[in-house]
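Visitor: Predicted model and sequence below, questions to follow.
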Amino acid sequence: MYDVDVEKILEPELYRRLVSVGLFDRMEVSNSTESVGYIASPNDFQKYGRPFEEDPIDDAKALIASLTYGQSRSTHTRGQITMPEALIRALVRGEELAARAGGVRAIGEDYRELEARQVVDVTKKSYGRYTMRLLKKDVGELALTIIRGGAAAQEAVLMDGSPARAFKGPHAARSEVRARNEITDKRFVYDALDRLRSGG
């Protein structure tokens, strides 16, 4: 579900407070002209990892978001993704994507954040043609498990069609919201966290 829709339903103040305490995970994919956020339940991802080891979970979220972008916003001529589950399975098997086609443009443009996170290795084959190989098999397996489980991460991240440049995970989004919180917001956050920790 898109973050703007949730914010409209809850009203901005309550939305901001609930994101601050982690009741929702807000994730964001950015390109050169816009940032699109969407909301998932923390439970969608916590069952796949331990809370103090966020890197594989955030990497899997970034992989899913990037593939969703390639499926929903990319064109056939630049390398649109039509079967994301099959693509992830190929990555997990160690295959080099788009190698038979001599590479595709979208790989060189849309996976820079994953490359920076050292999740994938992008190789330039010729001018404007790139292939990709998965470096972190556990991240691919986690992403595949999430997709098969129908988690909220599968929701389309619709943007304007320019290449995806960045992914912001829930922890970063929560930290930004908390930094902007007013005193009354902070009191709400502390009280809510205390209630969540005590089970009531």
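Guide: Sure thing, it's come through. In this text the structure is predicted, and so the values were computed from the model without any measurement.

Visitor: Check what pLDDT Gly49 gets.
Guide: With respect to pLDDT, Gly49 has a value of 50.

Visitor: now do Gly108
Guide: Confidence for Gly108, expressed as pLDDT, is 86.

Visitor: count of residues packed around it?
Guide: The burial metric for Gly108, expressed as a neighbour count using other Cβ atoms under 10 Å, is 22. C-beta here means a position set from N, CA and C on the backbone, and glycine is covered the same way.

Visitor: Doesn't it belong to a helix?
Guide: Yes - counting by DSSP: H, G, I helix; E, B strand; the rest coil, Gly108 falls inside a helix.

Visitor: for it, what are its contacts?
Guide: Applying Cβ atoms under 8 Å, 6 or more residues apart in numbering to Gly108 gives the contacts Val122, Lys124, Gly128, Arg129, Tyr130.

Visitor: all strands of the protein, in order?
Guide: Per DSSP state E, the chain carries strands over the ranges 25-31, 35-40, 120-126, 129-134, 164-168.

Visitor: Can you identify each of the helices in the protein by residue range?
Guide: Using DSSP state H, the helices assigned to the chain run over residues 3-10, 12-20, 43-46, 54-72, 84-92, 105-110, 112-116, 137-148, 170-180, 183-198.

Visitor: List just the one of those that sits closest to Arg78.
Guide: Minimum separation from Arg78 across the helices of the chain (Cβ to Cβ) falls at helix 105-110, 4.6 Å.

Visitor: Return that closest one as CSV; C-alpha atoms alone will do.
Guide: The C-alpha atoms that make up helix 105-110 are tabulated as CSV, following Å, rounded to 0.1, in the frame of the first residue of the first chain:
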residue,chain,number,x,y,z
ARG,A,105,20.4,-1.2,-20.7
ALA,A,106,18.1,-1.4,-17.7
ILE,A,107,20.6,-3.5,-15.7
GLY,A,108,23.2,-0.7,-16.0
GLU,A,109,20.8,2.0,-14.9
ASP,A,110,18.4,0.4,-12.4
